[in-house]
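J.: Structure of the sequence below:
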Amino acid sequence: MAWFRGGVARRWLAIASVSAICVSGLSGCAAGRGGDEQPADGVPFAGMVPWNSAVIEPDGRTLHLLADWDHIDHFVCGLPNERVTLQQSAARVVITVRGYAKPLPAGVACGGAGSLPQPKTVLLARPLAHRALIDGGSMQKREVLADSSLPTITAVPAGYTAQPMTWSAESGDERTATRVWKLGDAESDRFLRLTIGLPTYYTFIGPAGAAKGTVSVHGSIAHIFTTDGEDQATTTIRWTTATGRQISLETSGTSRAHLSRAQAEVIARSVH
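T.: Sure, this is the predicted structure:
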């Protein structure tokens with residue numbers, strides 16, 4: 001999987017994750033981060049895995065987060081193999097991600113391109129509300145975004161399925177939330193992507209293809225760009241709302257099967 005930031009392509013190795021949800025109070029839920037961590041299915045404990053970018057669904061109980069295997073607190077060379085534990089009280093919710101990996105044989109070097117953040121979903125016993133959200137590995141407080149607080153597409157084409165919203169913490173001048181809808185399975189080449197600037201400094205990054213004119217979206221002038229390659233065809237529509245929020249809608253498919261520019265314009269006008 002590749003994406004562009006500032007005109008530079010960065011390629012990562014997408015690898016599978018093994019995860020399980022373990023609720024505090026049930027057997028097998030170990031707390032703490034001492035040296036007594038037990039193996040998981042015969043694989044040794046490797047370290048605590050930091051997580052971030054928490055999103056709470058409108059039900060107030062379904063919480064999505066991204067586990068950052070690349071920054072596990074011990075050196076690890078292996079596929080992400082993680083377990084999630086959850087502790088809840090009246091004042092806070094503590095989510096801990098533990099990593100497990102087999103040690104490298106003597107004389108074997110570690111190679112690879114890194115791993116994508118691993119998505120995890122946790123179901124709370126009751127709504128998060130105003131309780132603090134804590135990373136149990138570092139005991140640091142984490143920020144959470146409400147899914148219902150950000151715009152979404154209301155005219156989703158038939159067959160496209162919404163994925164959990166993700167967001168990136170502030171990095172330089174970029175701080176965005178992303179919604180994705182996919183047609184077919186998780187590896188499908190046909191998708192919609194809505195990128196929303198969060199309320200900090202954010203500017204559109206890099207060209208998005210050949211300029212193809214403009215269209216009015218809720219009173220704002222939106223710029224349209226297209227690319228049409230052998231393997232991928234995209235239409236990107238970008239605009240700034242009356243409140244200064246920047247939004248980018250991307251429709252992507254193959255050269256033989258993709259949404260038309262007219263369809264992309266209808267979808268853009270449905271963003272609320």
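J.: give me the low-pLDDT residue ranges for this structure?
T.: The chain contains residues with pLDDT under 70 at 1-36, 111-113, 169-173, 185-188.
J.: tell me the centre residue of it?
T.: Nearest residue to the geometric centre of the chain (Cα atoms, centre = their mean): residue 166, 3.5 Å.
J.: how close does the closest residue to residue 212 other than its chain neighbours get to residue 157?
T.: Distances taken as Cβ to Cβ, 6 or more residues apart in numbering place residue 224 nearest to residue 212, at 4.5 Å, with adjacent residues excluded. From N, CA and C alone the C-beta is placed, and that goes for glycine too. According to Cβ to Cβ, to the nearest Å, residue 224 stands 18 Å off from residue 157.
J.: These two: which has the busier surroundings?
T.: In this view residue 224 and residue 157 are compared by other Cβ atoms under 10 Å, and residue 224 has more residues nearby, 22 against 15.
J.: My assumption is that that one lies in a helix; please confirm.
T.: No: checked against DSSP: H, G, I helix; E, B strand; the rest coil, residue 224 lies outside a helix; its state is strand.
J.: and it, what does it touch?
T.: Neighbouring residues of residue 224 by Cβ atoms under 8 Å, 6 or more residues apart in numbering: 211-215, 235-237, 261, 264-265.
J.: how near is it to residue 154?
T.: Residue 224 sits 20 Å away from residue 154, going by Cβ to Cβ.
J.: Residue 267: which element?
T.: Taking DSSP states H and E as the criterion, residue 267 maps to helix 261-269.
J.: my bad, should have said residue 85
T.: Secondary structure from DSSP H and E places residue 85 in strand 82-88.
J.: And whatever helix or strand comes next after that strand, what's buried?
T.: Elements were assigned by DSSP H and E; along the chain past strand 82-88, the next helix or strand is strand 92-100. In terms of neighbour count (16 or more other Cβ atoms under 10 Å), strand 92-100 has its buried residues at 93-100.
J.: Likewise for stretch 114-134?
T.: Across stretch 114-134, burial judged by 16+ other Cβ under 10 Å covers 115-118, 120, 122, 124, 128, 131, 133-134.
J.: Now the terminal residues of it, how far apart.
T.: One end of stretch 114-134 to the other measures 26 Å (Cα to Cα, to the nearest Å).
J.: Likewise for stretch 49-61?
T.: Stretch 49-61 end-to-end distance (Cα to Cα) = 22 Å.
J.: gap between that stretch and the chain center?
T.: Distance of stretch 49-61 from the chain centroid (Cα atoms, centre = their mean, to the nearest Å) equals 10 Å.
J.: One more: stretch 71-80?
T.: In terms of Cα atoms, centre = their mean, the centre of stretch 71-80 is set 20 Å apart from its chain centre.
J.: how about the CA coordinates for that stretch, as PDB?
T.: The C-alpha coordinates for stretch 71-80 follow below in PDB (Å, rounded to 0.1, in the frame of the first residue of the first chain):
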ATOM      1  CA  HIS A  71       7.000   1.500  18.400                       C
ATOM      2  CA  ILE A  72       6.600  -1.500  20.700                       C
ATOM      3  CA  ASP A  73       8.700  -0.800  23.800                       C
ATOM      4  CA  HIS A  74      11.200  -3.500  23.100                       C
ATOM      5  CA  PHE A  75      13.000  -4.300  19.800                       C
ATOM      6  CA  VAL A  76      10.900  -6.700  17.900                       C
ATOM      7  CA  CYS A  77      11.300  -8.200  14.400                       C
ATOM      8  CA  GLY A  78       8.100 -10.100  13.400                       C
ATOM      9  CA  LEU A  79       4.500  -9.900  12.400                       C
ATOM     10  CA  PRO A  80       2.100  -8.000  14.800                       C
END
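J.: List the buried residues for that stretch?
T.: If you call a residue buried by 16+ other Cβ under 10 Å, then stretch 71-80 has these buried ones: 72, 76, 78, 80.
J.: from those residues, which is closest to residue 219?
T.: The shortest approach to residue 219 among the buried residues of stretch 71-80 belongs to residue 80, at 44.6 Å (Cβ to Cβ).
J.: separation between residue 60 and residue 146?
T.: Going from residue 60 to residue 146 by Cβ to Cβ gives 9 Å.
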